[in-house]
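Undergrad: Structure for this input, please:
(2 chains)
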Number of protein chains: 2
Amino acid sequence: MTFRSKDDLPAPLAAALQPLERTLETLETPAVLVDAEVADANLRRWQARCDAAGLINRPHIKTHRSVAWAQRQIELGARGITVQTVGEAEVMVAAGITDIFLTTNVLGPAKLDRLAAVARRSSLAVVADSAEVVEGIAVAARSAGESIRVFVECDTGAHRCGLAEPEDIASLAAAVDGTDGLVFGGLMTYPAAGQRLQSGERLETARAACLTRGLQVLVITSGGSPDMWSDEGLAPITEYRAGTYIYNDRSLVAGGVATIEQCALTVLATVVSRPTADRAILDAGSKSLTSDLLGLDGHGLVLPYPEARLYGLSEEHGHLDVSRCATAPEVGERLRILPNHACVVSNLFDRVFLTAGDTLLGALPVDARGRSN
Amino acid sequence: MTFRSKDDLPAPLAAALQPLERTLETLETPAVLVDAEVADANLRRWQARCDAAGLINRPHIKTHRSVAWAQRQIELGARGITVQTVGEAEVMVAAGITDIFLTTNVLGPAKLDRLAAVARRSSLAVVADSAEVVEGIAVAARSAGESIRVFVECDTGAHRCGLAEPEDIASLAAAVDGTDGLVFGGLMTYPAAGQRLQSGERLETARAACLTRGLQVLVITSGGSPDMWSDEGLAPITEYRAGTYIYNDRSLVAGGVATIEQCALTVLATVVSRPTADRAILDAGSKSLTSDLLGLDGHGLVLPYPEARLYGLSEEHGHLDVSRCATAPEVGERLRILPNHACVVSNLFDRVFLTAGDTLLGALPVDARGRSN
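TA: Okay, the predicted model is just below:
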């Protein structure tokens, strides 16, 4: 699929695109670029995999935080979306997306009020891993006048949120099932990278514990881009939540999950100084790339100079060692950086810039930028 | 000075404050809190030091990115402000601040056009460390119909931008001096932490080299919060640019530059899960705290639980080891985190919340949030 102009874009992107009086040569840096062809191909490839495997696709919108991409994911076959915050849910519901799974414990009266408002306008599911959370959601459901589906979050090895013991999981599922206004939705996990087999076994055990209590588990939902193409431990999983796969990033390339060509998001930067033969300074720093390392060496891959090492970041400067480059960039040269972690980069700016190859198509709002609460 | 209500606030803050239907007990988390009394005391203490030392105070607004705080800094005696990006300059000029020093090399036609527009509305100074940058600024000055002061950036040990050799510095200063539309403003450096003595010596040498060419150096401007209270190498410095000192942060506490009580900015978070006796999960992750470590262990100091270790961050979760706490926080408990690095945290949200002790006064816009280009 070739996007030569705005007219070639999928409808949700074309509708949201803002025109620019800039080309890729004149666009001010630092700027977050998203190659629309590459991103769209990533979405289509994953949807085809889900369709072939009989998996429900429920992409996590935390990576792009853009309404248009969420609409495009649904247009291509996603069942609905996953969000991580009430703020993200509000933005998506306001744009007309009505099938939403919020995979964070929601607590506190103000947030539960807002959750109730979301529930009035959508088919809402949430997670819980404690009685306190279940009680709060029940209050929100009664306030909404609408039932809310609750998934019990299971810790299958990632050691973040979630219950680990099958009996605890089944017990909380029973508590949900017995609470007015709540419907037990199933089991949810975010597995540790590389531990999908163990994760699948634990989900089977948890399901069996639920069955012992007479609770059917219709939906078992798992997530994560790092292992999204693996068949390991997939048997019990009915729904998959992947986020980063739309853009990909240096961490997923390092993990063998994506090629550099499949990375849609880059940061366009300018060389603003060449103080020494070994050093180049870029105008993209931690306020454009973030300090996320994800276990990698350096703060990103400078695509035209793969031998260069982005060894340090100030807030508005990237510090680049070019001593191993056969030719090194000069002052004023513009180059693209593949960031370590796409999801935090798209959250730094109000807009990303859609491209198709070397053509700048326009700007796309990051509608839920900064909506972490 | 006690700020019991909005009416007690300094005028610029009172004018910008947005009312809230929340208290500190009901405000949704994660939220960036700024204790206005602490921040204002930090500003007054530093202004008094500059006044006593005969230093021009030109605070860097990158830390707060808020018009009201910039106005307050000027009201207290700052000569003008320092900005790091053209976008920051645009926001501040639009708010009526007219004495601006932009301490980044500006390159490219689109940015130079915007720089010219800023120059038409302000007394603008910028930096340069190469002929390419000087040429671009000259184009902007002629386009603006207004002279622009140019400081030569000197690398006095920090090894970011800047020229290191006195002859190179003097040569570029002469080039500036000989360019229509440009005025040689003086020497600028951002010294390496702990190397102010060396930095001062190098600035003296650079000044002498300029004098040899008949160039007076009226202004020598240095910066950095880590060494702001040191007298070392201060002799040649006429102007100081400090940024983080308004809010302070965990890195400055670790460096002995501020006490915890002098830290104005914290992130309010909620404990959303207690999966095990040793682990608590907060709703503040890398999209609220950033991954900046600045050489520290852990991602922030959980103020009510200093024995706890914030060992990991997901995007919306903080992973807290509470195994060394005598008592540990429960699900639903709200607590404040002192982040490692204040400047990148305030850039993540559209608003910070002004407090005075335990009173929530209102919201303050982060006007230049995301304006890194």
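Undergrad: Close to chain B: what parts of the stretch 51-200 of chain A are there?
TA: By the rule C-beta under 8 Å from any C-beta of the partner chain, the part of the stretch 51-200 of chain A lying against chain B is A:62, A:84-86, A:104-105, A:107-111, A:114, A:129-130, A:132-133, A:155, A:159-164. Glycine gets a C-beta too; all of them are placed from N, C-alpha and C.
Undergrad: Any of the residues you listed buried? List them.
TA: Neighbour counting over these (16 or more other C-beta atoms under 10 Å in any protein chain shown) leaves A:62, A:84-86, A:104-105, A:107-108, A:110-111, A:114, A:129-130, A:132-133, A:155, A:159-164 as the buried ones.
Undergrad: CA atoms only: put the helix or strand where A:A70 lies into PDB for me.
TA: Secondary structure from DSSP states H and E places A:A70 in helix A:67-75. Presented in PDB, the C-alpha positions along helix A:67-75 are these (Å, rounded to 0.1, in the frame of the first residue of the first chain):
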ATOM      1  CA  VAL A  67      -7.700   8.600  18.100                       C
ATOM      2  CA  ALA A  68      -7.100   8.100  14.400                       C
ATOM      3  CA  TRP A  69      -4.700   5.200  14.900                       C
ATOM      4  CA  ALA A  70      -7.200   3.600  17.300                       C
ATOM      5  CA  GLN A  71     -10.000   4.000  14.700                       C
ATOM      6  CA  ARG A  72      -7.700   2.500  12.100                       C
ATOM      7  CA  GLN A  73      -6.900  -0.500  14.300                       C
ATOM      8  CA  ILE A  74     -10.600  -1.100  14.800                       C
ATOM      9  CA  GLU A  75     -11.300  -0.600  11.000                       C
END
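Undergrad: And it, what does it pack against?
TA: Helices and strands touching helix A:67-75, as assessed by 3 or more C-beta pairs under 8 Å, 6 or more residues apart in numbering or on different chains; DSSP states H and E, comprise helix A:11-16, helix A:36-53, strand A:81-83, helix A:86-94, strand A:359-365.
Undergrad: got the buried residues for that helix?
TA: Those buried within helix A:67-75 under the rule 16+ other C-beta under 10 Å are A:V67, A:A68, A:W69, A:A70, A:Q71, A:R72, A:Q73, A:I74.
Undergrad: got those residues as CSV, with pLDDT columns?
TA: Shown next, in CSV, are the buried residues of helix A:67-75 (pLDDT from 0 to 100):
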residue, pLDDT
A:V67, 98
A:A68, 98
A:W69, 98
A:A70, 98
A:Q71, 98
A:R72, 98
A:Q73, 98
A:I74, 98
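Undergrad: Tell me the one of those nearest A:A242?
TA: Ranked by distance to A:A242 (C-beta to C-beta), these are led by A:Q73 at 10.1 Å.
Undergrad: Which residue is the nearest non-sequential neighbour of the closest one?
TA: Spatial nearest neighbour of A:Q73, chain neighbours left out: A:P59 (4.8 Å); criterion: C-beta to C-beta, 6 or more residues apart in numbering or on different chains.
Undergrad: isn't the one you found right up against A:G243?
TA: Yes - between A:P59 and A:G243 there is a contact under C-beta atoms under 8 Å: 6.5 Å.
Undergrad: residues shared between the contacts of those two?
TA: Between them, A:P59 and A:G243 share these contacting residues under C-beta atoms under 8 Å, 6 or more residues apart in numbering or on different chains: A:T82.
Undergrad: neighbour count winner among the two?
TA: Using other C-beta atoms under 10 Å in any protein chain shown as the criterion, A:P59 and A:G243 rank with A:P59 on top: 30 against 22.
Undergrad: Distance check, that one against chain B.
TA: Distance of A:P59 to chain B, given as C-beta to the nearest C-beta, to the nearest Å: 15 Å.
Undergrad: show me what contacts that residue?
TA: Contacts for A:P59 (C-beta under 8 Å, 6+ apart) come out as A:L43, A:W46, A:A70, A:Q73, A:A78, A:I81, A:T82, A:R241, A:A242, A:G243, A:Y245, A:I246.
Undergrad: still on that earlier bit, restricted to helices, list the buried ones among the residues of the stretch 51-200 of chain A next to chain B.
TA: A:V86, A:A110, A:K111, A:R114, A:E132, A:V133 (DSSP state H).
Undergrad: how about the residue nearest to the last one when sequence neighbours are not counted, phi and psi?
TA: Meaning A:V133. Of all residues not flanking A:V133 in the chain, A:N105 sits nearest, at 4.6 Å (C-beta to C-beta, 6+ apart). With angles defined as degrees, to the nearest 10, A:N105 sits at phi -60, psi 130.
Undergrad: wait, isn't A:R72 in contact with A:P10?
TA: Yes - with contact defined as C-beta under 8 Å, A:R72 reaches A:P10; the gap is 5.2 Å.
Undergrad: any residues in contact with both of those two?
TA: A:D40.
Undergrad: ok, how many other residues are close to A:P30?
TA: Counted with other C-beta under 10 Å, A:P30 comes out at 26.
Undergrad: Distance of it relative to chain B?
TA: Where chain B is concerned, A:P30 sits at a distance of 5 Å (C-beta to the nearest C-beta).
Undergrad: Need the per-residue pLDDT for that residue.
TA: With respect to pLDDT, A:P30 scores 98.
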